[in-house]
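>>> sequence and predicted structure, then a few things I'm wondering about:
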Amino acid sequence: MKRFIYTIACATILTMPAGCGTALRGDFCSIYNPVYTSPEDTEQTKSQADGNNALWLALCGNGHAP
């Protein structure tokens, strides 16, 4: 019985993300929105946002700063 419950729980967890997602069409450059930080953000959050924005700038390179 425990194995059955475990199997059902795992199946439920694995199917949950598929039901909540939104399918986006397009490439990274057309979908990505630059992330802006606030003074309340932690240094780790700011670093992650800066990294994502730098990737966008390097890949899309349209000359507009995020």
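That came in fine, so what should we check first? Numbers count the residues shown, from 1 in each chain.

>>> SS state for residue 39?
coil (DSSP: H, G, I helix; E, B strand; the rest coil).

>>> name the helix or strand for residue 54, please.
Per DSSP states H and E: residue 54 is located in helix 43-60.

>>> which helices and strands does that helix pack with?
Counting contacts by 3 or more CB pairs under 8 Å, 6 or more residues apart in numbering; DSSP states H and E, helix 43-60 is packed against helix 28-31. Every residue, glycine included, has its C-beta placed from N, CA and C.

>>> send over the helix it packs on as PDB, restricted to the C-alpha atoms.
Provided in PDB are the C-alpha atoms of helix 28-31 (Å, rounded to 0.1, in the frame of the first residue of the first chain):
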ATOM      1  CA  PHE A  28      15.300  34.200 -26.200                       C
ATOM      2  CA  CYS A  29      15.800  37.700 -27.600                       C
ATOM      3  CA  SER A  30      12.200  38.300 -28.300                       C
ATOM      4  CA  ILE A  31      10.900  36.800 -25.100                       C
END
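
>>> can you get me the start-to-end distance on stretch 31-44?
Using CA to CA, to the nearest Å, the end-to-end distance of stretch 31-44 comes to 24 Å.

>>> in this protein, where is pLDDT below threshold?
Within the chain, the segments meeting pLDDT under 70 span 10-12, 14-24, 62-66.

>>> tell me the phi and psi of residue 34?
phi -50, psi 150 (degrees, to the nearest 10).

>>> surely it meets residue 51?
No. Taking CB atoms under 8 Å as the definition, residue 34 is not a contact partner of residue 51, at 12.0 Å.

>>> re earlier: and the helix holding residue 54, what's buried?
Going by neighbour count (16 or more other CB atoms under 10 Å), the buried part of helix 43-60 is 49, 53, 56.

>>> now those residues as CSV including distance to residue 6?
CSV is the format used below for the buried residues of helix 43-60 (distance: CB to CB, whole Å):
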residue, distance to residue 6
49, 38
53, 42
56, 41
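
>>> list the contacts for residue 28?
Residues in contact with residue 28, defined by CB atoms under 8 Å, 6 or more residues apart in numbering, are 56, 59-60.

>>> no more questions from me, cheers.
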